[in-house]
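Predicted model, plus sequence, below.
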Amino acid sequence: MPLLHLSPPPHRLLLAGGGRRRLLLPAARRRSLVRVRAAASAAAAAAEAYGLPFPPERAAHHRELAAAAAAVERACRLCVDVKRTLLSGDKKILEKNDQTPVTVADFGVQALISLELQRLFPSIPLVAEEDSASLRSSNTDDNSSNVLVESISSAVAEKVSNANSLLTHDDVLRAIDRGGKNAVSFDSNPASYWVLDPIDGTKGFLGGDDALYVVGLALVVNEKVVAGVMGCPNWSNATIASRKEDSAAAQPDHGILMIAHVGCGTWSRHLSVDIGQFTTAQSTWNRCLVDSCSVVNMARFCIPDSQTWNMIPLSVLFNSTMDESNPRDENEILLLSVYCGSLCKYLTVASGRASVFVLRARTKNLKSWDHAVGVICVQEAGGQISDWSGKPLDLAADLTGRRDIYPSGGVLVTNGALHGKLVEMISANHK
């Protein structure tokens, strides 16, 4: 059998001397390794500075979750500041092709989180809702796009952690496009990537102060959501009840930050008051658990704002009421009024405030960022998620983009105890 003589790859050179061998890489490759090591060091420092309610030894993705939580908190502060000034000037809102609004905050959050994650984890791609195409093409004749980009750049520059480096407009646009539909192409192999919804519930963001919206960020590894963060700046003690009711009621309302890690549970705490003053105390976190309701007509339901109860197959079996004060019979369920996007309804179930969130898919595909982080938060709180046939949501069904999911019929999110019963009822009555 002939011997194989292997040579080092052309980009490597082995030098012998002093009894040792050293592997020398080209200068560009060495610089790349230095950047990767610097990013890893920065990520480790960020995780150490940002207190999570469980130790790194229990969580394989502790560094990623800590960085994600810090980035989402910064993004929530950006949302609050932009909302405060949103109506004070023109050209702060665009309309996408599907007639949904997108604001300085949507673009700003995506750019900010993209920059934060790229600095710490440059090798993990980002799948996100927005891209800069509308910014680059909107009303260029009256210079409005420059005004909009300037507003976005200013908002991001005020919140980015690496404030010593100057951000150009091109930097911000590239950061937005890092999560855009043409930024990365996957294949059928298992992949790791971030999924971001910069603002879930933009209509709520544009509404009154009591309307809810969520910044949602998830980490997917080998096609499973392994960690996630949701930030809801308008969430109040009147909206959420902590398991530690007395201690929560004693604190002022600053919105909510919810985190989850596979095998470590779902946790929440108030958002920090100011950027740069993140709490590191583990005692500030409260464990989140779904409710224990096991009787369908006693459960608390929520549905999308754009849908009515008679669009849900369960309406064949149950009437709905929004009046909590009157007793309900066995043929009536309580429908909660939660004006927001899908992620806030996941948050409502994960926190135990609702038992069920049910959504009818009116098109073949739904967007992954409207569900990914909600899945891990509800699952780790003890709940269950599936399509209407009972199958788990498949985040890898969109082989090249990882942007779409294809649930059969719709999405069912429950406290777990009710899941099997509801799947049977929905399947029997879904036409």
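Sure thing, it's come through. Numbers count the residues shown, from 1 in each chain.

give me the low-pLDDT residue ranges for the protein?
1-49, 86-102, 138-145, 163-164, 208-210, 237-254, 273-283, 339 (pLDDT under 70).

ok, which stretches of it are helices?
Assigned by DSSP state H, the helices in the chain fall at 27-49, 62-85, 104-120, 133-137, 144-159, 169-177, 202-206, 245-249, 342-350, 372-380, 419-429.

tell me which residues in the longest one are buried?
Buried residues in helix 62-85, counting neighbours by 16 or more other CB atoms under 10 Å, are found at 62-79, 81-83. Placement of C-beta: from N, CA and C, glycine included.

May I see the helices of the chain organised as JSON lines, with distance to residue 297 added?
Below are the helices of the chain laid out as JSON lines (distance: least, CB to CB, whole Å):
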{"stretch": "helix 27-49", "distance to residue 297": "45"}
{"stretch": "helix 62-85", "distance to residue 297": "36"}
{"stretch": "helix 104-120", "distance to residue 297": "39"}
{"stretch": "helix 133-137", "distance to residue 297": "46"}
{"stretch": "helix 144-159", "distance to residue 297": "46"}
{"stretch": "helix 169-177", "distance to residue 297": "46"}
{"stretch": "helix 202-206", "distance to residue 297": "29"}
{"stretch": "helix 245-249", "distance to residue 297": "26"}
{"stretch": "helix 342-350", "distance to residue 297": "18"}
{"stretch": "helix 372-380", "distance to residue 297": "22"}
{"stretch": "helix 419-429", "distance to residue 297": "11"}
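
how about the ones you listed, which one is nearest residue 215?
helix 62-85 (4.8 Å; CB to CB).

helices or strands up against that closest one?
With contacts taken as 3 or more CB pairs under 8 Å, 6 or more residues apart in numbering; DSSP states H and E, helix 62-85 sits against helix 27-49, helix 104-120, helix 144-159, strand 192-200, strand 214-221, strand 224-232, strand 256-261.

and the angle for that helix with strand 214-221?
160 degrees (axes from the mean of the first three to the mean of the last three CA atoms, to 10 degrees).

ok, back up a step: now the helices and strands packed on helix 62-85 in a markdown table, with mean neighbour count and distance to residue 401?
Listed next are these as a markdown table, based on neighbours: other CB atoms under 10 Å; distance: least, CB to CB, whole Å:
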| stretch | mean neighbour count | distance to residue 401 |
| --- | --- | --- |
| helix 27-49 | 13 | 25 |
| helix 104-120 | 27 | 16 |
| helix 144-159 | 20 | 24 |
| strand 192-200 | 26 | 11 |
| strand 214-221 | 28 | 13 |
| strand 224-232 | 26 | 17 |
| strand 256-261 | 28 | 24 |
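
now the ones you listed as TSV including distance to residue 355?
Converted to TSV, the helices and strands packed on helix 62-85 look like this (distance: least, CB to CB, whole Å):
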stretch	distance to residue 355
helix 27-49	34
helix 104-120	30
helix 144-159	36
strand 192-200	21
strand 214-221	19
strand 224-232	19
strand 256-261	18
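
Please name whichever of these is nearest to residue 385.
strand 224-232 (10.0 Å).

elements contacting that closest one?
Right, strand 224-232 is packed against helix 62-85, strand 214-221, strand 256-261, helix 342-350, helix 372-380 by 3+ CB pairs under 8 Å, 6+ apart.

which residues does residue 375 contact?
218, 225, 228, 346, 385, 393 (CB atoms under 8 Å, 6 or more residues apart in numbering).

ok, now with 10 Å
Contacts of residue 375 were listed using CB atoms under 10 Å, 6 or more residues apart in numbering, and they are 218, 220, 224-225, 228, 260, 346, 368, 383-385, 392-393, 395, 411, 413.
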